[in-house]
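Peer 1: Using only what follows, build the 3D model:
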Amino acid sequence: MKLQVARYLIFSLFLSGCANLFGDRVAERSISPQEFSAVTQQSLPLPLQFSYPESKRAPQLLDAIPFITESKYEEACIALQRGRTAHDTSALAALHIWCLLQNQNLSIAEKILKDAVNNLGVDQHLAYVAATVYEKLGDNELAHSLYSDLFVLSNDNIILLACARTALASSQPKRSLDCLDRLLLNTEVTSQHLSMRAAAYAQLDRHSEAMALLVKMLYDWPSDAELLRQTALVAYEYAEQGSNEELYEDAVTLLQKLVAFDPQFAHAHLLLARCYVGSNAFNEAQLAFSRCIEIEPSNVAASHELSDLYLSYNDPQAARKVLMAALNQPISASDRQQTNSKLTAIN
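Peer 2: The predicted structure follows:
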């Protein structure tokens, strides 16, 4: 990261030095309406799309678009930095910051954002990249405030989705639901929308409604393997949060689908076993814990919980056997100490 920062700063200084050496920064050029209209900005978020007058003031905006279209963000950054050296504008600075973010250069983007706000003020372009930067920095409340202001100006569904996302991340579930409801008026329902709605319900302790949405998602998109994985794991979290037998039973249904799809997924077997315990299905829990340990013998959590399950059956011999088997695995020193402590307590 330090090397990347140095590269961009050195490049900026190099441009400035060349400009001073030749007595002029960068040669100006004229942009015709035809040249502007020939460039598509579909690869840019709506708040970053620029007007013809803006392109006349900063022709390098047009230079960057082909690179952005091909996801060559480093080359786009160079073109934009060249333009900013000649005559900085909010459109140039915002697009430069956005390209840096696409290229995973958050620290440089944050520095340029601060300088741009101080020198150029804040308009729609800079407000959007500021919201994006703050969201990546984890300041979701501030990001949500900026996205909300932008939505009033643009009425763009992408911005509205960002409002819903950052409201959820900043623990404003009612606000997130309001944004998602408004999205439904203009867009088709997607699994992302439903996942966010379920998370908002969970934040409101409406776990049954959240779980129902997860079940619906797998019914609507049965062949989406990644959705199955994410949904089943989240179902366990909602069952734990709600902590009632019915939620555990629903989570069992989803986790069963996951382990059927990926039988070697040890963690899914562990979560399935815990949900069986929560739904009082102790025999099934024993089998799921055992399957997890079979796949991943050094899984100490599964061994400890299976041992506890045997103790609840009043079977200390089986509990000891599980812990002894765990001690024969290459486990960490702290795990070994905890396992020995549990074994001593049984003896």
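Peer 1: give me every residue that touches residue 257.
Peer 2: 218, 228, 232 (CB atoms under 8 Å, 6 or more residues apart in numbering). Any C-beta I mention is one placed from the backbone N, CA and C, and that applies to glycine too.
Peer 1: Over to residue 289?
Peer 2: Residue 289 neighbours (CB under 8 Å, 6+ apart): 269-270, 273, 302, 305-306, 309.
Peer 1: please redo it, this time with the cut-off set to 10 Å
Peer 2: Residues in contact with residue 289 (CB atoms under 10 Å, 6 or more residues apart in numbering) are 269-270, 272-274, 276-277, 299, 301-310, 322.
Peer 1: before we move on, the earlier item: take the contacts of residue 257 and keep only those in helices.
Peer 2: Assigned to helices by DSSP state H, the following of the contacts of residue 257 qualify: 218, 228, 232.
Peer 1: Buried residues, the helix or strand residue 209 falls within. List them.
Peer 2: Under the criterion of DSSP states H and E, residue 209 resides in helix 207-220. Neighbour counts over helix 207-220 (16 or more other CB atoms under 10 Å) mark 207, 210-211, 213-215, 217-218 as buried.
Peer 1: In CSV, could you pull the C-alpha coordinates for that helix?
Peer 2: Coordinates of the C-alpha atoms in helix 207-220 are reproduced here as CSV (Å, rounded to 0.1, in the frame of the first residue of the first chain):
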residue,chain,number,x,y,z
HIS,A,207,-37.1,-13.3,13.7
SER,A,208,-40.0,-15.4,12.4
GLU,A,209,-40.6,-12.9,9.6
ALA,A,210,-36.8,-12.9,8.8
MET,A,211,-36.7,-16.7,8.7
ALA,A,212,-39.8,-16.9,6.5
LEU,A,213,-38.0,-14.6,4.0
LEU,A,214,-34.9,-16.9,4.0
VAL,A,215,-37.1,-19.9,3.2
LYS,A,216,-38.9,-18.0,0.4
MET,A,217,-35.5,-17.0,-1.1
LEU,A,218,-34.4,-20.6,-1.5
TYR,A,219,-37.8,-21.5,-2.9
ASP,A,220,-37.6,-18.7,-5.5
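Peer 1: Now render the buried residues of helix 207-220 as CSV, adding pLDDT and distance to residue 284.
Peer 2: Converted to CSV, the buried residues of helix 207-220 look like this (pLDDT from 0 to 100; distance: CB to CB, whole Å):
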residue, pLDDT, distance to residue 284
207, 97, 22
210, 97, 24
211, 96, 19
213, 96, 25
214, 95, 20
215, 93, 19
217, 93, 24
218, 91, 20
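Peer 1: farthest pair in those?
Peer 2: Using CB to CB, these span at most 17.1 Å, a distance reached by 207 and 218.
Peer 1: helix or strand for residue 338, which one?
Peer 2: Counting by DSSP H and E, the element that carries residue 338 is helix 333-346.
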